[in-house]
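Engineer: how would this look folded up:
(one chain, ligands or ions: 1)
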Amino acid sequence: MSTEQGNTTGAPALAFRGLAKAYGDKVVVRGIDLDVPTGSFYGLVGPNGAGKTTTLSMVTGLLRPNQGQVWIHGVDVWADPVRAKQLMGVLPDGLRLFERLSGTELLSYLGRLRGMPVDVVDSRSRELLDVLDLTSAGDKLVADYSTGMRKKITLATALLHSPPLLLLDEPLEAVDPVSARIIREVLQAYVAGGRTVVLSSHVMALVEELCSHVAVMNDGVIVTSGPVAQVRGDAATLDDAFFHIVGGRDIGQGGLEWLRSSQG
Ligand SMILES: Nc1ncnc2c1ncn2[C@@H]1O[C@H](COP(=O)(O)OP(=O)(O)OP(=O)(O)O)[C@@H](O)[C@H]1O
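Structural biologist: From the prediction side, this is the model:
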């Protein structure tokens, strides 16, 4: 494929082809392809170690693939990273932040780095801190934030420039139920406005509730992908379908007898 996949209007929100990554001899992503339609809410699911974070890191320009290409709205992430990064907001794994800034300063700094007008940065920052219930923490150093607060302030930085595509690595993990509900509503409103969200999660019920589409990864491969109803197939829930797709083991019969016993 050429460097430019198309203009930003016609192309999928995200597309990748032949994406591969190895660490030494260990191949962790094995040449995967995916198209994420604009306006979709796309879940990326898979067991521990399946390659979800590695994939999202390559897609967002944080980790260089060994092979393959990635386009955000038609812009090649590795050939034109500056333009591609204007089109996405990212909640990465690991949450490396500027620890010695307050939440408000962090948003202000990142907004200015993106070339946004100061008054727009200020008003959007206030709104985001308010919606994410971080107003009282706005003057606190990020170093003193809890894990859930760090996740919320990072989400605010991803939303600040109002990009057409959000890529979120486990956005609801470690977040309290009230904040989780707020984040879900923010993301649903975001998609309702015609934008696109891609998130990774282990929580199948959440993916089933929120997402229009899902891709299931296992051992570095996308095993199946498409609209949620199609991937669920005849299974009662997406959780059941996932269990069968990735070959989960049922412990109903045999095994762990010592855990079932009242004696030690
Ligand atoms: N820096 C690294 N060096 C070597 N191996 C790595 C590195 N980062 C990830 N891996 C390996 O790559 C594989 C995929 O990891 P990855 O974090 O992408 O999986 P994941 O699907 O996000 O898992 P989880 O659901 O547990 O977060 C794992 O086997 C992991 O051990």
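Engineer: in the strand or helix carrying Val186, what's buried?
Structural biologist: Val186 is part of helix 177-192, with elements assigned from DSSP states H and E. Buried positions in helix 177-192, judged by neighbour count with 16 or more other Cβ atoms under 10 Å: Ser179, Ala180, Ile182, Ile183, Arg184, Val186, Leu187, Tyr190, Val191. Yep, even glycine has a C-beta here, placed from its N, CA and C like the rest.
Engineer: reformat those as TSV; add distance to Asp239.
Structural biologist: Converted to TSV, the buried residues of helix 177-192 look like this (distance: Cβ to Cβ, whole Å):
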residue	distance to Asp239
Ser179	23
Ala180	18
Ile182	24
Ile183	21
Arg184	18
Val186	25
Leu187	20
Tyr190	25
Val191	22
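Engineer: how about these, which pair is most distant?
Structural biologist: Ser179 and Val191 (18.8 Å; Cβ to Cβ).
Engineer: ok, which stretches of the stretch 101-250 of the chain are helices?
Structural biologist: 103-113, 118-131, 147-159, 177-192, 204-210, 228-232, 238-245 (DSSP state H, counting those that start in this stretch).
Engineer: does Arg83 really touch His73, like I thought?
Structural biologist: No. Counting by Cβ atoms under 8 Å, Arg83 stays clear of His73, with 9.4 Å between them.
Engineer: residue numbers of this structure in contact with the ligand?
Structural biologist: Tyr23, Val28, Gly46, Asn48, Gly49, Ala50, Gly51, Lys52, Thr53, Thr54 (Cβ under 6 Å from any ligand atom).
Engineer: the second one is in contact with Thr54, isn't it?
Structural biologist: Looking back up the chat, that one is Val28. Yes. Counting by Cβ under 8 Å, Thr54 is a contact partner of Val28 at 5.4 Å.
Engineer: give the residues shared as contacts by those two.
Structural biologist: Common neighbours of Val28 and Thr54, counting by Cβ atoms under 8 Å, 6 or more residues apart in numbering, are Lys21.
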